[in-house]
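[1] the following comprises the amino acid sequence and a computationally predicted model.
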Amino acid sequence: MALAGRCSQSAGSLMSALRSMQACRSLTTQTLPDLPYDYSALEPVISAEIMKLHHGKHHNTYITTLNQSYEKYAEAEAKGDVAKMIELQQAIKFNGGGHVNHSIFWQNLTPPKDFEAPSGELKSAIENDFGSVEELSKKFNAKAATVQGSGWGWLGYSPELKHLVITTTANQDPLTTQGLVPLLGVDMWEHAYYLQYNNVKADYLKEIWKIVNWKDVASRYSKAQ
Ligand SMILES: [Fe+2]
């Protein structure tokens, strides 16, 4: 939105302003990212049915609503309707957060056949901060199970404290809202597991560690420092 504002200010006429706004809107339009694997590739941990709905319907809806909210925001901004702009910020946060979080989640996962345990700097950091990978998963699962309603479990990195942190966020709040860099996110919304695990969150959390893409987590950890 800040980009759209700068662009419209630089326009010298109504037509150029409109063209500029259209150009800026196209820069902020989000699209559904392709998965790096097939819908069935995470089985038996996550079923193809869940993945198809989760990626093709849920994630796509966040993106569609986010783009619609952007357009409404641009219209409100053009009219100087500050109250409407503020009203739309919640929809942008929720749907934008849904897009950001799911985009991380897909990359954080890998087919079971490709699973590799953490190694190198990331493994050392995990052992230093939690004792072992097993202890990390136990603490993570205990924390993630406390999410009330809908939210996310996270392994993040604190640039301030310079160590790994296990925490949760509510709804679709991105981890960056807590000043942490997201390394590994686990979707604790019912749509992520209910069709397969019903109400047994603990089983979903126990199984998810079989498909964590530790190479992706290590790459995020490396960039976060
Ligand atoms: Fe989700």
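    Okay, I see it.
[2] what segments of the protein are helices?
    2-10, 14-28, 48-53, 60-79, 82-108, 120-130, 133-144, 194-197, 201-208, 214-224 (DSSP state H).
[3] for those, give me TSV that also has mean pLDDT and distance to the ion.
    (C-beta placed from N, C-alpha, C; glycine too.) As requested, the helices of the chain are exported to TSV (pLDDT from 0 to 100; distance: least, CB to the ion, whole Å):
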stretch	mean pLDDT	distance to the ion
helix 2-10	40	28
helix 14-28	53	22
helix 48-53	98	10
helix 60-79	97	9
helix 82-108	98	6
helix 120-130	98	25
helix 133-144	98	14
helix 194-197	97	11
helix 201-208	98	12
helix 214-224	98	17
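[4] quick one, domains of the protein?
    48-110, 113-224 (the TED database).
[5] same list, those domains, but as a markdown table with distance to Tyr39 and mean neighbour count please.
    Below are the domains of the chain laid out as a markdown table (distance: least, CB to CB, whole Å; neighbours: other CB atoms under 10 Å):
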| stretch | distance to Tyr39 | mean neighbour count |
| --- | --- | --- |
| domain 48-110 | 4 | 17 |
| domain 113-224 | 13 | 17 |
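[6] okay, these in CSV with distance to Thr28 next?
    Shown next, in CSV, are these (distance: least, CB to CB, whole Å):
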stretch, distance to Thr28
domain 48-110, 5
domain 113-224, 16
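[7] what's the closest of those domains to Thr31?
    Closest to Thr31 of the domains of the chain is domain 48-110 (CB to CB; 6.8 Å).
[8] need the distance between the two termini of that closest one.
    For domain 48-110, the separation between the terminal residues is 14 Å (CA to CA, to the nearest Å).
[9] return the distance of that domain from the chain's centre.
    On the basis of CA atoms, centre = their mean, to the nearest Å, domain 48-110 sits 11 Å off its chain's mean C-alpha point.
[10] with stretch 156-176 instead?
    12 Å.
[11] what is the end-to-end distance of it?
    Stretch 156-176 has its terminal residues 9 Å apart, counting by CA to CA.
[12] hmm, that stretch touching the ion?
    No. With CB under 5 Å from the ion as the criterion, the ion is not reached by stretch 156-176; the gap is at least 8.4 Å.
[13] all further residue positions should be reported with the first residue as 284.
    New numbering, starting at 284: the last item is stretch 439-459.
[14] would you enumerate the residues in contact with Pro327?
    Pro327 makes contacts with Pro395, as judged by CB atoms under 8 Å, 6 or more residues apart in numbering.
[15] residue in the protein with the shortest distance to the ion?
    Sorted by distance to the ion under CB to the ion, the residues of the chain start with Asp470, at 4.2 Å.
[16] who touches that residue in this structure?
    By CB under 8 Å, 6+ apart, the neighbours of Asp470 are His337, Asn384, His385, Phe388, Trp435.
[17] same question for Lys355.
    With contacts defined as CB under 8 Å, 6+ apart, the neighbours of Lys355 are Lys367, Leu371.
[18] mind running it again at 6 Å?
    Shown in contact with Lys355 (CB atoms under 6 Å, 6 or more residues apart in numbering): Leu371.
[19] tell me how far it lies from His382.
    17 Å (CB to CB, to the nearest Å).
[20] kindly report the same for Pro316.
    Counting by CB to CB, the gap from Pro316 to His382 is 9 Å.
[21] one more: Pro319?
    17 Å.
[22] many thanks, we can stop here.
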